[in-house]
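Asks: For reference, the sequence and a predicted model appear below.
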Amino acid sequence: MKVIETALPGVLIIEPKVFGDARGFFLESFHIERYRDAGIDLPFVQDNHSRSPRGVLRGLHFQRTRPQGKLVSVSRGVVYDVAVDINPESPTCGQFVGVELSDDNHRQLWIPPGYAHGFCVLSDVADFQYKCTDLYFPADEGGLIWNDPDVNIPWPLTDPLLSEKDKLNPSLRELLGKGN
């Protein structure tokens with residue numbers, strides 16, 4: 001597999017080796033030794049799968065006291081996937097990495113614990129998988145507003161379908177207690 005470092009510490013784009021022929025393709029979506037060699041050595045304890053139609057934006061989510069590392073991929077469709085550094089002590093706080101994940105490019109994104117994460121669906125439908133390093137605790141969930149002008153993510157859509165909860169997420173300044 002090919003491992004591509006990004007501008008954010010620990011956030012990696014992974015391109016698995018794909019073996020294809022007239023019958024289709026085969027790839028290893030996870031191999032503990034290869035991922036450990038890439039620096040992903042936390043245990044995965046929960047797998048999630050979501051399906052969403054075009055225009056849905058999920059996020060930007062994180063857990064406050066039990067942060068989850070996430071290895072994410074798309075098995076059907078196309079998404080624009082984003083990780084945002086929300087660590088106030090980090091020199092890259094407020095910066096993001098955005099990457100297109102699809103069933104054609106087979107890319108994965110590794111988002112270490114402590115980052116906010118979200119994605120929007122660009123295809124008619126997308127099936128999205130998450131391998132998580134900690135269990136999900138609803139009471140521990142936090143969010144960052146998707147269109148925060150200080151983060152300035154160039155989402156490839158302007159009027160996404162959001163959950164009611166995601167519409168109310170705070171800005172990075174509010175999240176970090178810095179006001180407006």
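Replies: Perfect, I can see it now.

Asks: Next, work out how far apart the residue sitting furthest away from the middle of the chain and residue 104 are.
Replies: Checked against the mean C-alpha position of the chain, the extreme residue using C-alpha atoms, centre = their mean is residue 22, at a distance of 31.8 Å. Going from residue 22 to residue 104 by C-beta to C-beta, to the nearest Å gives 17 Å. Yep, even glycine has a C-beta here, placed from its N, CA and C like the rest.

Asks: which residues sit against stretch 120-133?
Replies: Stretch 120-133 is contacted from outside by 30, 42-58, 68-80, 100, 102, 113, 119, 155-157, 160, using C-beta atoms under 8 Å, 6 or more residues apart in numbering.

Asks: 6 Å instead, please
Replies: Residues outside stretch 120-133 that contact it (C-beta atoms under 6 Å, 6 or more residues apart in numbering): 42, 44, 46-54, 56-57, 68-80, 155, 157, 160.

Asks: So which residue is dead centre in this protein?
Replies: Computing the C-alpha centroid of the chain and ranking residues by C-alpha atoms, centre = their mean puts residue 117 first, at 4.4 Å.

Asks: What residues sit buried inside the lengthiest helix in the chain?
Replies: Longest helix of the chain, by residue count under DSSP state H: helix 32-37. Buried residues in helix 32-37, counted by 16 or more other C-beta atoms under 10 Å: residue 35.

Asks: Same check on stretch 72-89?
Replies: By 16+ other C-beta under 10 Å, the buried positions in stretch 72-89 come out as 72-74, 77-86.

Asks: swap in stretch 9-23?
Replies: Buried-residue list, stretch 9-23, by 16+ other C-beta under 10 Å: 10-14, 16.

Asks: Export these as TSV, with columns for distance to residue 171.
Replies: Converted to TSV, the buried residues of stretch 9-23 look like this (distance: C-beta to C-beta, whole Å):
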residue	distance to residue 171
10	24
11	21
12	27
13	27
14	31
16	36
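
Asks: Tell me which of those residues fall in strands.
Replies: Those of those mapping onto strands are 12-14, per DSSP state E.

Asks: If we only consider those residues, which is nearest to residue 151?
Replies: Closest approach between these and residue 151, by C-beta to C-beta: residue 13, at 19.4 Å.
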